[in-house]
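Chemist: Have a look at this prediction, sequence included:
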Amino acid sequence: MIHTAIQSALAAGELIRSNFGKEVKINESTAHDIKIQTDIDSQDLIYQMILKQHPDHRLIGEEGDSGNPNGETEWIVDPIDGTINFVMGIPHFCVSIAARRQGKFLLGVIYDPIRNELFTVEAGGPTFLNGREVRVSSRNKLSEAILAVGFAKTKESVDHCMNLYQHYGHSAKKLRAMGSAALDLAYVSCGRLDAYIEQGVSLWDIAAGWLMVEQAGGKMEVESKANGTYRICGSSGNIEYPLR
């Protein structure tokens, strides 16, 4: 399964990279989000490759579901995490693929096609970046921490994020808002970031990175919300973040 996930992510990454910087077909645009044809094309390619190897599995993703709706094994796909970055020509986005069975994550793959960085993990094993084992940051002081704080799509969550920025802007080393939840978690897993805090993300945004952080020695605190999104704090586990 990890081979299937890696090959699917690399293929989708090549498709995305070949379209980066070109005219984008926008299918839908709302106040804080955008849907593009490349998202659909990337997910279709990933689904085709997974179902060719695992036709009885279920697939859920940002652009719709496929496969066996009763499949015991479930793949969770974000074909482009960081779509607005992609559209605006900002080279910070990725493909995210995870799989789980009976609620337990089996694997995760996050591929950044611009930097050619491939993060991989399997349950019970270490997290890798381009084949090299990585671990979370060992920093243990908030004053030395680099935090990513994500802005979600509702007024309530945006207002809360502003409070987080005011609070941690005075106490952390630096704050970042880079526009890709999956890459933020991958960066936590390899020690580039000390924590990623977000108020409203979907499962496909965090599924692969969730396992990566935990298997790299970090800590994931995830709270489901009534609207189907999640409030999360993924961190090294060495520092407390009382305001979330």
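Modeler: All right, it came through fine.
Chemist: from here on, contacts and neighbour counts on C-alpha atoms
Modeler: OK.
Chemist: Give me the phi and psi for Ile60.
Modeler: Phi and psi for Ile60, reported as degrees, to the nearest 10, are phi -130, psi 140.
Chemist: Disregarding residues adjacent in the polypeptide, which is nearest to it?
Modeler: Ile76 (5.1 Å; Cα to Cα, 6 or more residues apart in numbering).
Chemist: And the one you found, what's its pLDDT?
Modeler: Looking at Ile76, its pLDDT reads 98.
Chemist: Over to His160?
Modeler: If you check His160, the pLDDT there is 84.
Chemist: Also His32?
Modeler: His32 is assigned a predicted lDDT (pLDDT) of 57.
Chemist: Can you name the next helix or strand after the lowest-mean-pLDDT helix or strand in the chain?
Modeler: When the helices and strands of the chain are scored by mean pLDDT, DSSP states H and E, strand 26-29 comes last with a mean of 71. Per DSSP states H and E, the first helix or strand lying C-terminal to strand 26-29 is strand 34-36.
Chemist: most remote residue from the chain's center?
Modeler: Distance from the C-alpha centroid of the chain, by Cα atoms, centre = their mean, peaks at His170 (26.9 Å).
Chemist: count of neighbours near Gly71?
Modeler: Neighbours of Gly71 under the rule other Cα atoms under 10 Å: 14.
Chemist: Roughly how far does it sit from Ala145?
Modeler: With distances taken as Cα to Cα, to the nearest Å, Gly71 is found 41 Å from Ala145.
Chemist: Can you give the domain ranges for this protein?
Modeler: Domains of the chain are assigned by automatic domain parsing as 2-134, 142-235.
Chemist: Can you add distance to Arg244 and give those domains back as TSV?
Modeler: Formatted as TSV, these follow (distance: least, Cα to Cα, whole Å):
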stretch	distance to Arg244
domain 2-134	21
domain 142-235	7
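Chemist: what residue is smack in the middle of the protein?
Modeler: With distances taken as Cα atoms, centre = their mean, Ala182 lies nearest the centre of the chain, 1.7 Å away.
Chemist: residues near Val109, how many?
Modeler: Using other Cα under 10 Å as the criterion, Val109 is surrounded by 33 other residues.
Chemist: same check, this time on Lys52
Modeler: Other residues lying near Lys52 total 10 when counted by other Cα under 10 Å.
Chemist: likewise the one 10 residues further on?
Modeler: Number of residues near Glu62 (other Cα under 10 Å) recorded here: 19.
Chemist: and if you look at the one 3 residues further on?
Modeler: As a burial measure, Asp65 scores 16 neighbours (other Cα under 10 Å).
Chemist: and what of Glu14?
Modeler: When counting by other Cα under 10 Å, one arrives at 16 neighbours for Glu14.
Chemist: list the helices and strands the helix or strand that contains it packs on?
Modeler: According to DSSP H and E, Glu14 maps onto helix 2-19. In terms of contacts (3 or more Cα pairs under 8 Å, 6 or more residues apart in numbering; DSSP states H and E), helix 2-19 is packed against helix 37-53, strand 94-101, strand 104-112.
Chemist: which of those is buried the deepest?
Modeler: Stretch with highest mean neighbour count among the helices and strands packed on helix 2-19: strand 94-101 (a mean of 26; mean count of other Cα atoms under 10 Å).
Chemist: now that one: mean pLDDT?
Modeler: Averaging pLDDT along strand 94-101 gives 98.
Chemist: For that strand, name the packing helices and strands.
Modeler: If you count contacts as 3+ Cα pairs under 8 Å, 6+ apart, strand 94-101 packs onto helix 2-19, strand 73-81, strand 104-112, helix 181-189, helix 203-215.
Chemist: Redo these as CSV? Include distance to Cys94.
Modeler: Below are the helices and strands packed on strand 94-101 laid out as CSV (distance: least, Cα to Cα, whole Å):
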stretch, distance to Cys94
helix 2-19, 7
strand 73-81, 5
strand 104-112, 4
helix 181-189, 7
helix 203-215, 10
